[in-house]
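Asker: Sharing a model that was predicted from the sequence below.
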Amino acid sequence: MSESTSSPVTEVAILGGGCFWCVEAVLEDLRGVVSVLPGYSGGHVDHPSYEQVCGKATGHIEVARVEFDPSVLSYADLLRVFFATHDPTTPGRQGNDVGPQYESAIFWQNETQREQAQAVIAEVDAQHIYDAPIVTQLREPATFWPAEDYHRNYFELHPEQGYCQFVIAPKVAKFRKQFSDRLKKQG
């Protein structure tokens, strides 16, 4: 008789929804999410730095690499939360964050994810939640470059910082209220 101590099978999603601090802060509280790592994807520069990406010439987008347990959180539900917690109608912008690094993007990892992303975009469009069309880019898999260590858990580690107070905190509060039934157990 052997005990089963296997870890759950996880999947990875790469999502760009503006500043990666915001995406990380929201998604890390979602039940089924194992880890969220900020980084860069989609550009032509290897091992980009934050400064290079902010320079707007690398082609990279600020993204979050989300590892999740699909037996708890489906990819489609992850995308529904993603679309509800950023503005997918503004090209190259999220609020006051402007530039190509802030594009709304989904870097699908396989054909199933691509198809599910298309279906969720169609579903969100059909609900007429937004006054403008969704401009989220569906992009092929690309190398994920982890951001510098100081970007990890930024909101958690710097809650008093101005951007955290005025941009991230309200977004996280809205998420927690809207998806209270989907939160990891607090305690």
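Answerer: Nice, thanks for sending it over. Residues are numbered from 1 along each chain as shown.
Asker: partners of the helix or strand bottoming out on mean pLDDT in the chain in the sheet?
Answerer: Within the chain, no helix or strand scores below strand 93-94, which has a mean of 90 by mean pLDDT, DSSP states H and E. Taking DSSP bridges as the criterion, strand 93-94 forms sheet pairs with strand 97-98 (antiparallel).
Asker: Okay, now the sheet partners of the very next helix or strand once past the strand it pairs with, with direction.
Answerer: Heading C-terminal from strand 97-98, the first helix or strand you meet, by DSSP states H and E, is strand 104-107. In the sheet, strand 104-107 lines up against strand 11-17 (antiparallel), strand 137-139 (parallel) (DSSP bridges).
Asker: Reformat those as JSON lines; add mean neighbour count, mean pLDDT and distance to residue 50.
Answerer: C-beta coordinates here come from the backbone N, C-alpha and C atoms, glycine included. As requested, the strands paired with strand 104-107 are exported to JSON lines (neighbours: other Cβ atoms under 10 Å; pLDDT from 0 to 100; distance: least, Cβ to Cβ, whole Å):
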{"stretch": "strand 11-17", "mean neighbour count": "24", "mean pLDDT": "97", "distance to residue 50": "15"}
{"stretch": "strand 137-139", "mean neighbour count": "15", "mean pLDDT": "97", "distance to residue 50": "21"}
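Asker: looking at those, which is closest to residue 25?
Answerer: Residue 25 lies closest to strand 11-17 among the strands paired with strand 104-107, at 11.2 Å (Cβ to Cβ).
Asker: how about stretch 48-65 as PDB, C-alpha atoms only?
Answerer: Output in PDB follows, covering the C-alpha atoms of stretch 48-65 (Å, rounded to 0.1, in the frame of the first residue of the first chain):
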ATOM      1  CA  PRO A  48      15.500  42.600 -20.500                       C
ATOM      2  CA  SER A  49      15.700  44.900 -17.500                       C
ATOM      3  CA  TYR A  50      12.800  47.000 -16.100                       C
ATOM      4  CA  GLU A  51      14.600  50.100 -17.400                       C
ATOM      5  CA  GLN A  52      14.900  48.700 -20.900                       C
ATOM      6  CA  VAL A  53      11.300  47.700 -21.000                       C
ATOM      7  CA  CYS A  54      10.200  51.100 -19.700                       C
ATOM      8  CA  GLY A  55      12.300  52.600 -22.500                       C
ATOM      9  CA  LYS A  56       9.600  51.200 -24.900                       C
ATOM     10  CA  ALA A  57      12.000  49.800 -27.500                       C
ATOM     11  CA  THR A  58      12.300  46.100 -26.500                       C
ATOM     12  CA  GLY A  59       8.900  45.000 -27.700                       C
ATOM     13  CA  HIS A  60       8.300  43.400 -24.300                       C
ATOM     14  CA  ILE A  61       5.000  43.600 -22.300                       C
ATOM     15  CA  GLU A  62       4.900  43.500 -18.500                       C
ATOM     16  CA  VAL A  63       3.300  40.200 -17.800                       C
ATOM     17  CA  ALA A  64       2.500  37.800 -14.900                       C
ATOM     18  CA  ARG A  65       3.400  34.100 -15.200                       C
END
